[in-house]
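# kindly return the folded structure for what I paste below:
(one chain, ligands or ions: 2)
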Amino acid sequence: MQQVKDKEQTRIEKLIHSIPKTEIHLHLEGLVSVDTLWYLISRNKLEFDGINTREDLEQQFDFKSLDEFIWFYINILQNAFRTSEDLKCLITDAKTYLSRNNIVYAEIFFAPSKFVQNGLEFAEMMQILHDGAQKLQSEDNIEIKFIIDVSRSYGIENAEQNLALTLEHLNDSIIGIGLGGSESQGPAELFPSVFKKAIDKGLKVVAHAGEDVDSSSIWNSIKFLKAQRIGHGISARDDAKLIEYLQKTGIPLEICPTSNVFTRKFIQRLEDHPIRLFFDSGINVTLNTDDPTLFNIDLVEEYYNMYNHLDFTIEELFQLMKNTLFATFLPQEKKSALWEKTVAAIKRAGYLAP
Ligand code: HPA
Ligand code: ZN
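Ligands and ions are numbered 1, 2, ... in the order given. Below is the predicted model:
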């Protein structure tokens, strides 16, 4: 039986891999390879309690809550980067992750706050992101754009400063701002001034919401921040009015199922994830990994999980891919061109495109 399942899994994952995909909720730091992170901790001679070997490091990828996860993210992961050279490692890791999953376009978060605290120059970081994006485009034909996470973890002044620096050092690879970090400690209501300014300057705006707090956090991100997409949004599950609102407006949810199992707040098992309910309710659902290394998940595997644990048909997986592509901030003609390529790949695989 196991043998049959393994063969089936291999077949479906091969199929998923063969279709060019997009991803819109992915953190640059969270796709670091374990090798890179261990190399930086060792090379920068950093000492963290309980982390003496590479195996110790991997054992840390187990979290009881979002706040515990955020603590690790800031104090170990981001803290391991001490020079702008260190940051360049993430571009190499992005290339590996994106090509491994046949992702041809991605919108990737980068949260500068801790790096600034550790003395990295904002201008240099923005240049590294831009150079990295150009390198990926020319060498691998993969397009990436960045969304700067101004962060809700350090208060309003820090977020304002992040926006000011982003605007000062803006380049073509930076398309917007986001709000990540501790959702319970940094509510959306605190940040409307930052988001309004970003919108006025032509930036796209998104926010993590409903990952760790009830549906009021999602409503507030829409009302106060004018968020164009919601990161996670899973607490909408308990709010029929919000489900109806999301369905009517088509505001995309950036769903990251395995991430939600890791941070535990609303679900304990993939089978209980509301993505199925949202999809069936006509909400604009997209599929993403969030922090692939820390949650030990690849995008291809996450699509397979939807098939295996949440009864998505192959055709419904293609619909998730289509939703994700059309929820990107790409210009309409680029979306259409990419969708044409996707349809061709779906046809080559012997299926009808949605
Ligand atoms: N939520 C909030 N902040 C984050 C996350 C997340 O899932 N991943 C990286 N920073
Ligand atoms: Zn996230």
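# near residue 341, how many other residues are there?
If you count neighbours by other Cβ atoms under 10 Å, residue 341 ends up with 12. To be clear about C-beta, it is placed using only N, CA and C from the backbone, and glycine gets the same treatment.
# now do it, the pLDDT please.
What the model reports for residue 341 is a pLDDT of 98.
# quick one: contacts for it?
By Cβ atoms under 8 Å, 6 or more residues apart in numbering, the contact set of residue 341 is 20, 104.
# buried stuff in stretch 100-120?
For stretch 100-120, the neighbour count (16 or more other Cβ atoms under 10 Å) marks 101-115, 120 as buried.
# in strands only, show me these.
Per DSSP state E, strands hold the following members of the buried residues of stretch 100-120: 103-110.
# what ranges does the stretch 151-300 of the chain have for its helices?
Using DSSP state H, counting those that start in this stretch, the helices of the stretch 151-300 of the chain run over residues 156-168, 192-200, 216-225, 240-249, 257-263, 275-280, 299-309.
# got a list of contacts for the shortest one?
By that I understand helix 275-280. Helix 275-280 has contacts (Cβ under 8 Å, 6+ apart) with 233, 236-237, 243, 246, 253, 255, 257, 285, 287, 306, 310-312, 316, 319-320.
# rerun at 6 Å
Contact with helix 275-280 is made by 255, 257, 285, 310, as judged by Cβ atoms under 6 Å, 6 or more residues apart in numbering.
# and if you look at the fourth one?
With Cβ under 6 Å, 6+ apart as the test, helix 240-249 has contacts from 215, 236, 281-283.
# mind checking how far whatever residue of the chain ends up closest to ligand 1 is from residue 26?
Nearest to ligand 1, among the residues of the chain, is residue 180, at 3.3 Å (Cβ to the nearest ligand atom). Distance of residue 180 to residue 26, computed by Cβ to Cβ, to the nearest Å: 12 Å.
# ok, now residue 227?
Per Cβ to Cβ, residue 227 is found 17 Å from residue 26.
# what does residue 176 give?
Taking Cβ to Cβ, one finds residue 176 at 14 Å from residue 26.
# cool, and residue 247?
Residue 247 sits 25 Å away from residue 26, taking Cβ to Cβ as the criterion.
# these two: who's more crowded?
Neighbour count, other Cβ under 10 Å: between residue 247 and residue 26, residue 26 has more, with 25 against 14.
# dump the residue contacts of that one.
Residues in contact with residue 26, defined by Cβ under 6 Å, 6+ apart, are 106, 108.
# and if you look at the one 4 residues further on?
Applying Cβ under 6 Å, 6+ apart, one finds that residue 30 lies in contact with 291, 294.
# shouldn't it be within a strand?
No: Residue 30: not assigned to a strand; according to DSSP: H, G, I helix; E, B strand; the rest coil it is helix.
# I'd like to know how far it sits from residue 75.
Distance, residue 30 to residue 75, by Cβ to Cβ: 15 Å.
# and what of residue 27?
From residue 27 to residue 75 the distance is 16 Å (Cβ to Cβ).
# got it, and residue 311?
Separation of residue 311 from residue 75 (Cβ to Cβ): 39 Å.
# just the strands from the protein, written as ranges.
21-27, 103-110, 143-149, 174-178, 204-209, 229-232, 253-255, 285-287.
# need these in a markdown table (columns: distance to ligand 1).
Below are the strands of the chain laid out as a markdown table (distance: least, Cβ to the nearest ligand atom, whole Å):
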| stretch | distance to ligand 1 |
| --- | --- |
| strand 21-27 | 4 |
| strand 103-110 | 7 |
| strand 143-149 | 7 |
| strand 174-178 | 9 |
| strand 204-209 | 5 |
| strand 229-232 | 7 |
| strand 253-255 | 10 |
| strand 285-287 | 15 |
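# and the closest residue to residue 306 other than its chain neighbours, how close does it get to residue 14?
Once flanking residues are discounted, residue 306 sits nearest to residue 312: 4.1 Å by Cβ to Cβ, 6 or more residues apart in numbering. From residue 312 across to residue 14, the span is 17 Å (Cβ to Cβ).
# count of residues packed around the nearest residue to residue 274 once chain neighbours are set aside?
Nearest residue to residue 274, sequence neighbours excluded (Cβ to Cβ, 6+ apart): residue 237, at 3.9 Å. Each residue near residue 237 was counted by other Cβ under 10 Å, and the total is 19.
# might one say that residue 237 is in contact with residue 267?
No: counting by Cβ atoms under 6 Å, residue 237 sits too far from residue 267 to count as a contact (8.9 Å).
# what does the chain put close to ligand 1?
Listed as neighbours of ligand 1 in the chain under the rule Cβ under 6 Å from any ligand atom: 27, 30, 70, 73, 180-181, 208, 211, 259, 290-291.
# CSV for those residues, including pLDDT?
As requested, the residues of the chain next to ligand 1 are exported to CSV (pLDDT from 0 to 100):
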residue, pLDDT
27, 99
30, 98
70, 98
73, 98
180, 98
181, 98
208, 98
211, 98
259, 98
290, 98
291, 98
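# using CSV, write out the CA atom coordinates for stretch 10-23.
Taking Å, rounded to 0.1, in the frame of the first residue of the first chain, the C-alpha atoms of stretch 10-23 are listed here in CSV:
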residue,chain,number,x,y,z
THR,A,10,5.9,10.9,-7.2
ARG,A,11,3.6,11.1,-10.2
ILE,A,12,1.5,14.0,-8.8
GLU,A,13,4.5,15.9,-7.6
LYS,A,14,6.2,15.5,-11.0
LEU,A,15,3.0,16.9,-12.7
ILE,A,16,2.9,19.8,-10.2
HIS,A,17,6.6,20.5,-10.8
SER,A,18,6.1,20.5,-14.6
ILE,A,19,3.7,23.5,-14.5
PRO,A,20,5.4,26.9,-14.2
LYS,A,21,4.1,28.5,-10.9
THR,A,22,4.1,31.8,-9.0
GLU,A,23,4.4,32.4,-5.3
